[in-house]
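Peer 1: This is the structure alone, sequence omitted:
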């Protein structure tokens with residue numbers, strides 16, 4: 001990943017004094033003034049000014065204060081991160097996106113915030129600080145205590161001017177639910193963060209893609225999603241894009257914040273929890289029941305340790321999604337997750353993911369058995385129930401617009417999934 005720009009105190013010039021100011025150096029880090037809000041950062045935090053560097057990625061794996069509205073995020077890449085960091089994103093309430101993928105709490109008082117934070121499987125929270133006119137988005141690793149402590153100690157220096165819009169809390173009642181997954185066969189791509197509308201329109205007209213994977217949440221998600229709103233989903237569906245909503249839950253690695261349990265019974269519970277978080281996020285984004293939700297589970301090499309919990313996690317994910325009215329899919333590597341699922345298929349075929357998305361970067365744009373890592377002639381995931389990510393992390397340019405993407409061949413028809421074979425397959 002290209003490094004995002006870090007604004008070190010020694011490099012700050014007069015041009016950077018607004019909207020960001022370093023007012024003092026505290027014992028535990030730097031003190032920063034932004035739009036009438038003064039925060040003191042722990043030692044070692046980066047500061048990234050998004051107004052000056054609109055291409056910067058809102059990475060969730062490095063302790064960082066981001067200030068300003070998000071720009072193009074052209075530097076973003078990746079899917080999952082092994083370690084989530086504490087980050088804080090401050091932007092004016094006026095113009096802050098009406099995000100649906102994470103909880104938003106309005107804070108009226110001078111002291112911010114003392115409320116018990118709402119549950120967030122994505123380890124992200126937003127606080128609309130009405131007194132200072134600032135939207136504060138919190139991202140954290142295992143717990144939100146550190147970064148919420150930064151906000152709790154923050155000082156409001158000047159309130160927003162009279163008449164300034166300071167409300168950016170998602171409307172009650174939720175968005176109108178819609179289908180965004182018409183039957184599709186062809187090329188698709190996924191990017192770490194939802195592209196800007198201009199990019200989506202340009203690529204719709206100029207690229208070979210008709211499907212897009214978008215990361216709707218999960219504790220191991222690598223990038224923030226400041227553009228991911230119900231309106232964004234609505235516009236892509238109206239333009240004819242086939243959406244592939246992706247949840248990046250606990251992963252087969254050892255990490256207190258982002259790791260999957262090695263105990264299959266605990267992994268089962270994590271799978272159900274992930275399904276509930278993904279379903280809630282999908283509904284908040286306006287995605288109707290019956291939508292296929294994809295679980296991104298990255299590659300692993302120690303199959304003796306991880307196969308059993310991976311299967312327990314993905315089967316629990318599937319069963320719970322079905323209970324909630326959604327369809328399930330799993331993004332897994334041919335060398336690990338695919339082998340685990342097909343080896344255990346006969347034990348619980350009804351609990352297997354409805355759609356299999358195999359990762360095998362062999363540049364072969366097909367969903368044939370061999371490319372999917374399946375036995376020749378198998379009925380497992382036969383029919384329009386497959387996707388194959390055949391090329392990984394690379395830059396692609398269409399219509400003069402460049403993105404860093406992964407590329408897949410997709411053959412998915414959600415209308416056929418209810419008729420999938422429930423019997424053990426050969």
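Peer 2: Arrived safely. Since we're looking at a predicted model, the values are computed, not measured.
Peer 1: host element of residue 338?
Peer 2: Assigned by DSSP states H and E, residue 338 falls within helix 337-343.
Peer 1: mind listing what's buried in that helix?
Peer 2: The neighbour-count check on helix 337-343 (16 or more other CB atoms under 10 Å) flags 337-342 as buried. Heads up, the C-betas are built off the backbone N, CA and C, glycines and all.
Peer 1: can you check stretch 298-307 too?
Peer 2: Neighbour-count burial for stretch 298-307 [16+ other CB under 10 Å]: 298, 300, 303, 306-307.
Peer 1: what's the closest of those residues to residue 54?
Peer 2: residue 298 (29.2 Å; CB to CB).
Peer 1: Span of stretch 255-274 from start to end?
Peer 2: Start and end residues of stretch 255-274 are separated by 17 Å (CA to CA, to the nearest Å).
Peer 1: Okay, and the beta partners of residue 395?
Peer 2: Beta-bridge pairing for residue 395 (DSSP bridges): residue 404.
Peer 1: my guess is it meets residue 404, correct?
Peer 2: Yes - taking contacts as CB atoms under 8 Å, residue 395 lies within contact range of residue 404: 5.4 Å.
Peer 1: higher neighbour count, the two?
Peer 2: residue 404 (19 against 10; other CB atoms under 10 Å).
Peer 1: Count the neighbours of the closest residue in space to residue 366 that isn't next to it in sequence for me.
Peer 2: Nearest residue to residue 366, sequence neighbours excluded (CB to CB, 6 or more residues apart in numbering): residue 409, at 5.9 Å. Here the number of neighbours of residue 409 (other CB under 10 Å) works out to 21.
Peer 1: In three-state terms, label residue 409 for me.
Peer 2: Classification of residue 409 using DSSP: H, G, I helix; E, B strand; the rest coil returns strand.
Peer 1: tell me what the helix holding residue 338 is packed against?
Peer 2: Where contact means 3 or more CB pairs under 8 Å, 6 or more residues apart in numbering; DSSP states H and E, helix 337-343 is packed against helix 303-323, strand 327-333, strand 355-359.
Peer 1: In the longest one, which of the residues would be classed as buried?
Peer 2: Of the residues in helix 303-323, those scored as buried under the neighbour-count criterion (16+ other CB under 10 Å) are 303, 306-321.
Peer 1: again, but for stretch 93-105
Peer 2: Neighbour-count burial for stretch 93-105 [16+ other CB under 10 Å]: 93-94, 96-97, 99-105.
Peer 1: ok, so of these, who is nearest residue 178?
Peer 2: The closest of these, once distances to residue 178 are taken by CB to CB, is residue 100, at 13.2 Å.
Peer 1: Now that closest one. Nearest residue, chain neighbours left out?
Peer 2: Using CB to CB, 6+ apart, the nearest residue to residue 100 is residue 284, at 3.9 Å.
Peer 1: Kindly report the same for residue 221.
Peer 2: Leaving out its chain neighbours, the residue that sits closest to residue 221 by CB to CB, 6+ apart is residue 248, at 4.4 Å.
Peer 1: Number of residues surrounding that neighbour?
Peer 2: The tally of other residues near residue 248 (other CB under 10 Å) stands at 27.
Peer 1: what does residue 182 give?
Peer 2: Residue 182 has 15 nearby residues by other CB under 10 Å.
Peer 1: Quickly find the element holding it.
Peer 2: Per DSSP H and E, there is no helix or strand for residue 182.
Peer 1: Got phi/psi on it?
Peer 2: Backbone torsions of residue 182, given as degrees, to the nearest 10, read phi -70, psi 150.
Peer 1: what's the distance between it and residue 231?
Peer 2: As for residue 182, its distance to residue 231 is 20 Å (criterion: CB to CB, to the nearest Å).
Peer 1: Around residue 387, how many other residues sit close by?
Peer 2: 28.
Peer 1: ditto for residue 176
Peer 2: 9.
Peer 1: excluding its backbone neighbours, what's nearest it?
Peer 2: Nearest residue to residue 176 in three dimensions, chain neighbours excluded: residue 286, at 6.1 Å (CB to CB, 6+ apart).
Peer 1: show me where pLDDT drops low in the stretch 51-200 of the chain?
Peer 2: Along the stretch 51-200 of the chain, the parts satisfying pLDDT under 70 run over 109-119, 159-174.
Peer 1: rerun at 80
Peer 2: Judged by pLDDT under 80, the stretch 51-200 of the chain has its weakly predicted residues at 78-79, 100-101, 108-120, 158-178.
Peer 1: Run through the bridge partners of residue 292.
Peer 2: Note on residue 292: beta-bridge partners by DSSP bridges are residue 327.
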